[in-house]
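**Q** please work out how this folds:
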Amino acid sequence: MTESSSESLVIKHDTLRVLNSEKITPNNEYILTPEQYLKMLTPEQRDYITGIEGAMAEKFGVDREEIGIVMEEELEKWTDSRFTYPIIMYTGKYGLQRGSYEDIMDTAKTPDYTIDISGEGVDTRNGMTKNVYERFVLQTDPEDDGLLPDTEPDGYYEAEDGDPNAPVWPKTILTGEPCPTGMVKVGYDEESDDQPNFEEWDLSDSGNTDISLRFRPAVSLKNMALVGELRQFPT
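**A** Numbers count the residues shown, from 1 in each chain. Model (predicted):
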(Lines give C-alpha, C1' and ligand atoms only; values in the text may rest on other atoms or scores of the structure.)
Protein backbone atom coordinates (compact mmCIF):
# COMPACT_ATOMS: atom_id res chain seq x y z
CA MET A 1 0.00 0.00 0.00
CA THR A 2 1.74 3.14 -1.20
CA GLU A 3 1.32 6.58 0.30
CA SER A 4 -0.27 7.86 -2.91
CA SER A 5 -3.04 5.28 -2.63
CA SER A 6 -4.96 7.57 -0.28
CA GLU A 7 -4.89 10.65 -2.50
CA SER A 8 -8.20 12.12 -3.66
CA LEU A 9 -10.35 10.08 -1.29
CA VAL A 10 -12.29 13.29 -0.63
CA ILE A 11 -14.83 14.25 -3.28
CA LYS A 12 -15.61 17.92 -3.95
CA HIS A 13 -19.31 18.26 -4.77
CA ASP A 14 -19.28 21.26 -7.07
CA THR A 15 -16.98 19.52 -9.56
CA LEU A 16 -18.55 16.07 -9.30
CA ARG A 17 -20.49 14.25 -11.97
CA VAL A 18 -21.79 11.04 -10.42
CA LEU A 19 -21.90 7.66 -12.13
CA ASN A 20 -25.29 6.59 -13.53
CA SER A 21 -26.17 10.27 -14.15
CA GLU A 22 -27.10 10.90 -10.51
CA LYS A 23 -26.20 14.37 -9.28
CA ILE A 24 -24.94 15.85 -6.07
CA THR A 25 -26.50 19.29 -5.81
CA PRO A 26 -24.89 22.34 -4.20
CA ASN A 27 -27.45 22.28 -1.37
CA ASN A 28 -26.68 18.63 -0.69
CA GLU A 29 -30.02 17.15 -1.72
CA TYR A 30 -28.14 13.99 -2.54
CA ILE A 31 -25.13 12.29 -1.00
CA LEU A 32 -23.07 9.44 -2.37
CA THR A 33 -23.71 5.93 -1.14
CA PRO A 34 -20.64 3.83 -0.25
CA GLU A 35 -21.25 1.70 -3.34
CA GLN A 36 -21.26 4.70 -5.66
CA TYR A 37 -18.22 6.15 -3.95
CA LEU A 38 -16.18 2.97 -4.38
CA LYS A 39 -16.98 2.90 -8.10
CA MET A 40 -15.24 6.24 -8.46
CA LEU A 41 -11.94 5.14 -6.99
CA THR A 42 -8.95 3.65 -8.73
CA PRO A 43 -8.07 0.00 -8.03
CA GLU A 44 -5.20 1.21 -5.83
CA GLN A 45 -7.53 3.40 -3.80
CA ARG A 46 -10.04 0.59 -3.34
CA ASP A 47 -7.21 -1.68 -2.20
CA TYR A 48 -6.15 1.02 0.25
CA ILE A 49 -9.61 1.10 1.83
CA THR A 50 -9.90 -2.68 1.79
CA GLY A 51 -6.59 -2.88 3.65
CA ILE A 52 -7.88 -0.56 6.38
CA GLU A 53 -11.07 -2.58 6.71
CA GLY A 54 -9.06 -5.78 7.03
CA ALA A 55 -6.74 -4.27 9.63
CA MET A 56 -9.70 -3.12 11.72
CA ALA A 57 -11.42 -6.51 11.52
CA GLU A 58 -8.23 -8.30 12.57
CA LYS A 59 -7.53 -5.85 15.39
CA PHE A 60 -10.92 -6.33 17.02
CA GLY A 61 -11.49 -9.96 16.11
CA VAL A 62 -14.69 -9.40 14.12
CA ASP A 63 -15.91 -10.65 10.77
CA ARG A 64 -14.71 -8.69 7.79
CA GLU A 65 -18.34 -8.14 6.75
CA GLU A 66 -18.94 -6.18 9.97
CA ILE A 67 -16.53 -3.44 8.90
CA GLY A 68 -18.00 -0.97 6.45
CA ILE A 69 -17.97 2.54 5.03
CA VAL A 70 -20.04 5.51 6.15
CA MET A 71 -20.04 8.61 3.98
CA GLU A 72 -19.42 11.89 5.83
CA GLU A 73 -19.56 15.42 4.49
CA GLU A 74 -18.23 18.82 5.43
CA LEU A 75 -18.82 22.39 4.32
CA GLU A 76 -15.74 24.46 3.48
CA LYS A 77 -16.97 27.82 4.77
CA TRP A 78 -14.56 30.07 2.91
CA THR A 79 -15.50 28.61 -0.50
CA ASP A 80 -19.01 27.32 0.31
CA SER A 81 -17.99 23.98 -1.21
CA ARG A 82 -19.03 20.63 0.20
CA PHE A 83 -16.75 17.62 0.51
CA THR A 84 -17.64 13.98 0.97
CA TYR A 85 -15.19 11.49 2.45
CA PRO A 86 -15.34 7.96 3.90
CA ILE A 87 -15.33 6.76 7.50
CA ILE A 88 -14.26 3.16 8.04
CA MET A 89 -16.07 1.75 11.08
CA TYR A 90 -17.57 -1.24 12.83
CA THR A 91 -21.12 -1.58 11.50
CA GLY A 92 -22.41 -4.63 13.40
CA LYS A 93 -25.89 -4.66 14.91
CA TYR A 94 -24.49 -3.71 18.31
CA GLY A 95 -21.08 -2.32 19.23
CA LEU A 96 -18.26 -4.17 20.97
CA GLN A 97 -18.29 -4.63 24.72
CA ARG A 98 -15.10 -3.09 26.12
CA GLY A 99 -16.21 -1.85 29.55
CA SER A 100 -16.85 1.67 30.77
CA TYR A 101 -15.90 4.94 29.11
CA GLU A 102 -12.95 5.20 31.50
CA ASP A 103 -11.82 1.67 30.62
CA ILE A 104 -11.88 2.40 26.91
CA MET A 105 -10.29 5.86 27.07
CA ASP A 106 -7.49 4.83 29.43
CA THR A 107 -4.30 6.13 27.79
CA ALA A 108 -2.48 2.98 28.84
CA LYS A 109 -4.80 1.04 26.51
CA THR A 110 -4.17 3.20 23.45
CA PRO A 111 -2.26 0.37 21.67
CA ASP A 112 -5.35 -1.82 22.04
CA TYR A 113 -7.34 0.61 19.90
CA THR A 114 -4.70 1.63 17.37
CA ILE A 115 -4.35 0.21 13.86
CA ASP A 116 -1.54 0.72 11.38
CA ILE A 117 -2.36 2.68 8.23
CA SER A 118 0.55 3.14 5.83
CA GLY A 119 3.02 2.92 8.70
CA GLU A 120 1.15 5.38 10.92
CA GLY A 121 -0.71 4.42 14.09
CA VAL A 122 -4.32 5.63 14.00
CA ASP A 123 -6.48 5.61 17.13
CA THR A 124 -9.88 4.12 16.25
CA ARG A 125 -11.52 5.78 19.26
CA ASN A 126 -11.27 9.24 17.69
CA GLY A 127 -13.59 8.61 14.75
CA MET A 128 -16.83 7.81 16.57
CA THR A 129 -18.51 11.21 16.80
CA LYS A 130 -22.19 12.01 17.10
CA ASN A 131 -22.38 13.08 13.47
CA VAL A 132 -20.69 9.91 12.22
CA TYR A 133 -22.98 7.74 14.33
CA GLU A 134 -26.09 9.45 12.99
CA ARG A 135 -24.81 9.09 9.42
CA PHE A 136 -24.21 5.39 10.07
CA VAL A 137 -27.76 4.82 11.30
CA LEU A 138 -29.38 6.87 8.54
CA GLN A 139 -27.32 4.97 5.96
CA THR A 140 -28.39 1.57 7.31
CA ASP A 141 -31.27 -0.15 5.54
CA PRO A 142 -33.78 -1.32 8.19
CA GLU A 143 -35.17 -3.82 5.69
CA ASP A 144 -32.04 -5.93 6.14
CA ASP A 145 -33.54 -7.47 9.28
CA GLY A 146 -36.29 -5.11 10.30
CA LEU A 147 -34.27 -3.20 12.89
CA LEU A 148 -31.84 -0.33 12.91
CA PRO A 149 -28.51 -0.55 14.75
CA ASP A 150 -28.78 -0.37 18.54
CA THR A 151 -32.56 -0.72 18.49
CA GLU A 152 -34.09 -2.03 21.70
CA PRO A 153 -33.98 -5.86 21.92
CA ASP A 154 -37.09 -8.02 22.09
CA GLY A 155 -38.63 -8.07 25.54
CA TYR A 156 -36.82 -4.98 26.79
CA TYR A 157 -39.92 -3.03 27.75
CA GLU A 158 -41.84 -6.07 28.96
CA ALA A 159 -39.18 -7.07 31.50
CA GLU A 160 -39.86 -6.31 35.15
CA ASP A 161 -37.64 -3.90 37.06
CA GLY A 162 -34.78 -5.71 38.75
CA ASP A 163 -35.09 -8.82 36.59
CA PRO A 164 -31.51 -10.17 36.29
CA ASN A 165 -32.45 -11.94 33.06
CA ALA A 166 -33.88 -8.85 31.41
CA PRO A 167 -32.37 -8.06 27.98
CA VAL A 168 -29.78 -5.30 27.90
CA TRP A 169 -30.23 -2.38 25.51
CA PRO A 170 -26.68 -1.70 24.21
CA LYS A 171 -25.69 1.93 23.76
CA THR A 172 -22.83 3.27 21.64
CA ILE A 173 -20.26 5.46 23.40
CA LEU A 174 -19.24 8.52 21.40
CA THR A 175 -15.52 8.13 22.02
CA GLY A 176 -14.66 10.78 19.42
CA GLU A 177 -16.50 13.55 21.25
CA PRO A 178 -14.67 15.77 23.78
CA CYS A 179 -17.43 15.37 26.38
CA PRO A 180 -17.35 11.95 28.09
CA THR A 181 -21.07 12.10 28.82
CA GLY A 182 -22.25 11.94 25.23
CA MET A 183 -23.61 8.78 23.65
CA VAL A 184 -26.70 7.82 21.66
CA LYS A 185 -29.00 4.95 21.01
CA VAL A 186 -31.62 4.50 18.31
CA GLY A 187 -35.31 3.73 18.07
CA TYR A 188 -38.10 4.39 15.59
CA ASP A 189 -39.94 7.67 15.30
CA GLU A 190 -43.44 7.23 16.71
CA GLU A 191 -45.04 8.70 13.60
CA SER A 192 -42.83 7.10 10.95
CA ASP A 193 -41.41 3.59 10.99
CA ASP A 194 -38.72 4.46 8.45
CA GLN A 195 -37.21 7.39 10.37
CA PRO A 196 -34.94 6.75 13.36
CA ASN A 197 -34.71 9.04 16.32
CA PHE A 198 -31.66 9.60 18.46
CA GLU A 199 -31.34 9.91 22.22
CA GLU A 200 -28.32 11.12 24.13
CA TRP A 201 -27.53 9.63 27.50
CA ASP A 202 -25.40 10.82 30.37
CA LEU A 203 -22.66 8.33 31.20
CA SER A 204 -22.94 9.33 34.83
CA ASP A 205 -26.52 8.03 34.89
CA SER A 206 -26.63 5.07 37.25
CA GLY A 207 -28.81 3.21 34.76
CA ASN A 208 -26.00 3.13 32.22
CA THR A 209 -24.15 0.11 33.52
CA ASP A 210 -20.94 -1.08 31.93
CA ILE A 211 -22.72 -4.09 30.45
CA SER A 212 -24.94 -1.78 28.37
CA LEU A 213 -22.10 0.29 26.90
CA ARG A 214 -20.60 -0.52 23.52
CA PHE A 215 -17.63 0.69 21.48
CA ARG A 216 -17.56 1.15 17.70
CA PRO A 217 -14.06 1.67 16.23
CA ALA A 218 -14.02 4.26 13.45
CA VAL A 219 -11.37 5.92 11.29
CA SER A 220 -11.91 9.06 9.22
CA LEU A 221 -10.01 9.20 5.93
CA LYS A 222 -10.50 12.94 5.59
CA ASN A 223 -6.98 13.86 6.69
CA MET A 224 -5.43 11.12 4.53
CA ALA A 225 -6.52 12.77 1.29
CA LEU A 226 -5.92 15.87 -0.79
CA VAL A 227 -9.06 17.77 0.20
CA GLY A 228 -8.56 20.60 -2.26
CA GLU A 229 -7.93 18.52 -5.36
CA LEU A 230 -10.69 18.78 -7.97
CA ARG A 231 -11.77 15.62 -9.80
CA GLN A 232 -14.12 14.79 -12.64
CA PHE A 233 -15.74 11.40 -13.17
CA PRO A 234 -17.54 10.02 -16.22
CA THR A 235 -21.33 9.84 -16.24
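
**Q** C-alpha from now on. contacts and neighbour counts both.
**A** Noted.

**Q** which residues does residue 199 bridge with?
**A** For residue 199, the beta-bridge partners are residue 185 (DSSP bridges).

**Q** for the helix or strand where residue 52 lies, which positions count as buried?
**A** Per DSSP states H and E: residue 52 is located in helix 43-60. Neighbour-count burial for helix 43-60 flags 45, 46, 48, 49, 50, 51, 52, 53, 55, 56, 57 (criterion: 16 or more other CA atoms under 10 Å).

**Q** with adjacent residues omitted, what lies nearest to the second one?
**A** Spelled out, that is residue 46. residue 38 (6.7 Å; CA to CA, 6 or more residues apart in numbering).

**Q** can you tell me how far the one you found is from residue 197?
**A** Shown here: residue 38 relative to residue 197, a distance of 28 Å by CA to CA, to the nearest Å.

**Q** ok, so of the buried residues of helix 43-60, who is nearest residue 203?
**A** Within these, proximity to residue 203 (CA to CA) peaks at residue 56, which comes in at 26.0 Å.

**Q** show me what contacts the closest one?
**A** 67, 115, 217 (CA atoms under 8 Å, 6 or more residues apart in numbering).

**Q** for the chain, give me the ranges with low pLDDT.
**A** Applying pLDDT under 70 to the chain picks out residues 1-8, 10-31, 76-81, 141-147, 180-195, 204-207, 223-235.

**Q** so where do the strands sit in it?
**A** Using DSSP state E, the strands found in the chain span residues 11-12, 67-76, 81-90, 114-117, 120-123, 171-173, 183-189, 192-200, 213-214, 218-220.

**Q** list the buried ones in the fifth one?
**A** By neighbour count with 16+ other CA under 10 Å, strand 120-123 contains the buried residues 122, 123.

**Q** and for the second one?
**A** Taking 16+ other CA under 10 Å as the neighbour-count basis, strand 67-76 is seen to contain the buried residues 67, 68, 69, 70, 71, 72, 73.

**Q** ok and it relative to helix 43-60, angle-wise?
**A** Between the axes of strand 67-76 and helix 43-60, defined by axes from the mean of the first three to the mean of the last three CA atoms, to 10 degrees, the angle is 120 degrees.

**Q** strand 67-76 pairs with which strands?
**A** Going by DSSP bridges, the partners of strand 67-76 are strand 81-90 (antiparallel).

**Q** repeat for the fifth one
**A** Counting by DSSP bridges, the strands paired with strand 120-123 are strand 114-117 (antiparallel).
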